[in-house]
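Asks: Kindly return the folded structure for what I paste below:
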Amino acid sequence: MSPTLKPTRPPHSKSRTHPTPVPDLHEIVIQTRAVAINPVDFAIQTVGTGLFPGLTFPRTLGMDLAGTIVEVGNAVTRFKAGDRVLAHPDVLKKTAAGAFQLFIVAQDNMASHFPNNTSFEEACVPPACLSVAACGLFQKDYLGLECPTVPPTPNGKILLVCGGSTSVGCNAIQLGVAAGYEVVTTCSPHNFEYVKKPGAGYAFDYSSPTAVEDILVVLKGKLCAGAVAIGNISPPGNGTAAAEACLDIVAKSQGAKFVALAMVYQGKMPEGVDGKFIIGSTLKDNELGAKIFEEFLPKALEAGSYLYAPEPLVVGQGLERIQEAFEVVKKGVSARKVVVSL
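Replies: Just a heads-up that it's a prediction; the model follows:
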């Protein structure tokens, strides 16, 4: 039997016990050792079916974890019991995939090995936001960029990431650089050096009244591959300024006229520019999942060219600390990812 933390009715949660899950053909069962908190977790808890119609409660939440495999499905060949992995489980598909429990199931194409010198608390940081960034950058119905490689092959194009110090932003920067793009990003001035660690070539103050004009100077004479604009998923309109800046820059620069939106944007698109809200789990159903979690990420982590960013902020140990961790995220953290050890 496996303890789990389930919202019984938004915004409440309760610890329950249920049978340890059994993997389907292409699933793995993971004993969870550390989980990270995303704003979407408590957004689901608070808004419930208003955010994701079709969800039922009680439901175990959580989209970021690291742990040890205890069982694999009959069609799984890449993993075995005892392997240390990070994973992005499909919590929207089944409650047995929610990260906030001691044993979970995940699809094998949404998990990666990580080096032995990495802690579980570090390893649980990237998966979900890595998936969001990857969908926005590489899927054909978004920016459709070339996939990342180890080592990267520079292509001379520029990628704009508005919100580079966020969890999605850190991953978008790293994936963009690994795919051969020079990255321009926006953030608070105190995070300028921070966003350059994952590879941003330029960092601009998002609140500056001249930010758009300053970025256009950098882009002059170069091809822009498009942009990723990042804000919180709830409430609608959060991150509007980032979206509008990205849309304005893309409209006025040479190159792709598309902005991948990691937010609910309700404003008007400039003429000739398109944008789309990123559904960050769709890579599990196409070839991108394996390209990122199987072909790219393990090599990049082993080579030390991909950072576990933002840095983990461990706020406690045990499932009973999850709700407390939600409150820490709600109050706001900068350039950190809130983590709970299990």
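
Asks: Residue 285 versus the residue nearest the centre of the chain, what's the distance?
Replies: The residue lying closest to the centre of the chain (CA atoms, centre = their mean) is residue 129, at 0.4 Å. With the distance defined as CB to CB, to the nearest Å, residue 129 ends up 19 Å from residue 285. Heads up, the C-betas are built off the backbone N, CA and C, glycines and all.

Asks: before we move on, what about residue 308?
Replies: With CB to CB as the criterion, residue 308 and residue 285 are 26 Å apart.

Asks: what about those two, which has more around it?
Replies: Neighbours per residue, other CB atoms under 10 Å: of residue 308 and residue 285, the larger number sits with residue 308, 21 against 11.

Asks: quick one: secondary structure of the more buried one?
Replies: Following DSSP: H, G, I helix; E, B strand; the rest coil, residue 308 is assigned to coil.

Asks: tell me the contacts of it?
Replies: Residues near residue 308 by CB atoms under 8 Å, 6 or more residues apart in numbering: 118, 122-123, 125-126.

Asks: What subset of those residues is buried?
Replies: Among those, the ones that count as buried by 16 or more other CB atoms under 10 Å are 122-123, 125-126.

Asks: which among those gets closest to residue 155?
Replies: Using CB to CB, residue 126 comes nearest to residue 155 of those, at 23.8 Å.

Asks: confidence score at that closest one?
Replies: What the model reports for residue 126 is a pLDDT of 98.

Asks: That one and residue 168 touch, don't they?
Replies: No: applying CB atoms under 8 Å as the test, residue 126 and residue 168 come out as separate, 10.4 Å apart.

Asks: Need the overlap of contacts for those two.
Replies: Common neighbours of residue 126 and residue 168 (CB under 8 Å, 6+ apart) do not exist.

Asks: C-alpha coordinates for stretch 63-73, PDB please?
Replies: Taking C-alpha atoms only, stretch 63-73 is exported to PDB below (Å, rounded to 0.1, in the frame of the first residue of the first chain):
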ATOM      1  CA  MET A  63       4.200  16.700 -12.000                       C
ATOM      2  CA  ASP A  64       7.900  16.800 -11.000                       C
ATOM      3  CA  LEU A  65       9.700  13.900  -9.300                       C
ATOM      4  CA  ALA A  66      12.900  12.000  -8.900                       C
ATOM      5  CA  GLY A  67      13.200   8.500  -7.400                       C
ATOM      6  CA  THR A  68      14.100   4.900  -7.900                       C
ATOM      7  CA  ILE A  69      12.400   2.400 -10.200                       C
ATOM      8  CA  VAL A  70      10.800  -0.600  -8.500                       C
ATOM      9  CA  GLU A  71       9.000  -2.200 -11.500                       C
ATOM     10  CA  VAL A  72       8.900  -1.900 -15.300                       C
ATOM     11  CA  GLY A  73       6.200  -2.800 -17.800                       C
END
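
Asks: Appreciated, that's everything.
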